[in-house]
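A.B. asks: here is my input; please provide its structure:
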Amino acid sequence: MGDTLITIVAIFLAAILMFVFPLMTISERNDDIAQMAAQTATVEFVDDIRQTGRITQDKYDSYVQTLAATGNSYDVELEVRVLDENPGKKTSLTSTDKIGENIYYSEYTSQIIDKINSSSTKSMKLKEGDFINVSVKNTNTTIGQMLKNFFYSISGNDTYKIEASHSGVVMTNGSER
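C.D. replies: I've put the predicted structure just below:
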């Protein structure tokens, strides 16, 4: 009886070592690759916006398709902080420089998409000094997340997220092309 029990336990452990741990390793590797692809796509998307000064429907659709190619679903959040210059004039006799503060107001994903879709050029022009921030995170549960939750008994779905973000200052005024 003792030998049979040990044999069953040994077979069970061998099955875990031969199948489950390699599956966990491969699924975590896939999550890492998806993370890298999302980060690279986000950096390229933001840098293109910073250099051209425009957010176009084609660029956005291409970005979303690149993210979808990883096999995951993502929540994309866009934020543009638009520079609203509010200069005043200095009244002293020694200098006539502009004074006042530069105020930023934010526009978010739904507002940006509405502007892109409603314009005839299918783009949103930005100006030098505006800020762009893009962040994405996966909304589905990957196989790696499920296996980690099962084997490590971690509660919640926040054990591993594929997420990426990038931001920067727009370097040029948007122009028609």
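A.B. asks: what packs against the biggest strand by length in the chain?
C.D. replies: In the chain, assigned by DSSP state E, the strand with the most residues is strand 74-85. Under the contact definition 3 or more CB pairs under 8 Å, 6 or more residues apart in numbering; DSSP states H and E, strand 74-85 sits against helix 57-68, strand 102-108, helix 109-118, strand 131-138. For the C-beta atoms, the positions are set from N, CA and C on the backbone; glycine is no exception.
A.B. asks: residue ranges in this protein under the pLDDT threshold?
C.D. replies: Applying pLDDT under 70 to the chain flags the ranges 1, 86-101, 153-160, 175-177.
A.B. asks: rerun that using 90 as the cut-off
C.D. replies: 1-5, 9, 11-25, 27-28, 83-105, 117-123, 128-129, 141-161, 172-177 (pLDDT under 90).
A.B. asks: residue closest to the middle of it?
C.D. replies: With distances taken as CA atoms, centre = their mean, the residue of the chain nearest its centroid is residue 136 (2.5 Å).
A.B. asks: residues in contact with it?
C.D. replies: Shown in contact with residue 136 (CB atoms under 8 Å, 6 or more residues apart in numbering): 38, 42, 67, 74-77, 163-165.
A.B. asks: 7 Å instead?
C.D. replies: Counting by CB atoms under 7 Å, 6 or more residues apart in numbering, residue 136 makes contact with 38, 42, 67, 74-76, 163-164.
A.B. asks: before we move on, what about residue 6?
C.D. replies: Contacts of residue 6 (CB under 7 Å, 6+ apart): none.
A.B. asks: would you mind giving the secondary structure of it?
C.D. replies: Here residue 6 is recorded as helix under DSSP: H, G, I helix; E, B strand; the rest coil.
A.B. asks: any idea how far residue 13 is from it?
C.D. replies: With distances taken as CB to CB, to the nearest Å, residue 6 is found 10 Å from residue 13.
A.B. asks: find residues that contact each of these two.
C.D. replies: Contacts common to residue 6 and residue 13, judged by CB under 7 Å, 6+ apart, are absent.
A.B. asks: where does residue 161 sit: helix, strand or coil?
C.D. replies: Residue 161 - assigned by three-state DSSP - is coil.
A.B. asks: the closest residue to it other than its chain neighbours bridge partners, please.
C.D. replies: Excluding the flanking residues, the one nearest residue 161 by CB to CB, 6 or more residues apart in numbering is residue 137, at 5.3 Å. Counting by DSSP bridges, residue 137 is bridged to residue 75, residue 163.
A.B. asks: ok, residue 137 to residue 120 distance?
C.D. replies: Using CB to CB, residue 137 is found at 33 Å from residue 120.
A.B. asks: these two: who's more crowded?
C.D. replies: Applying other CB atoms under 10 Å to residue 137 and residue 120 shows that residue 137 carries more neighbours, namely 15 against 5.
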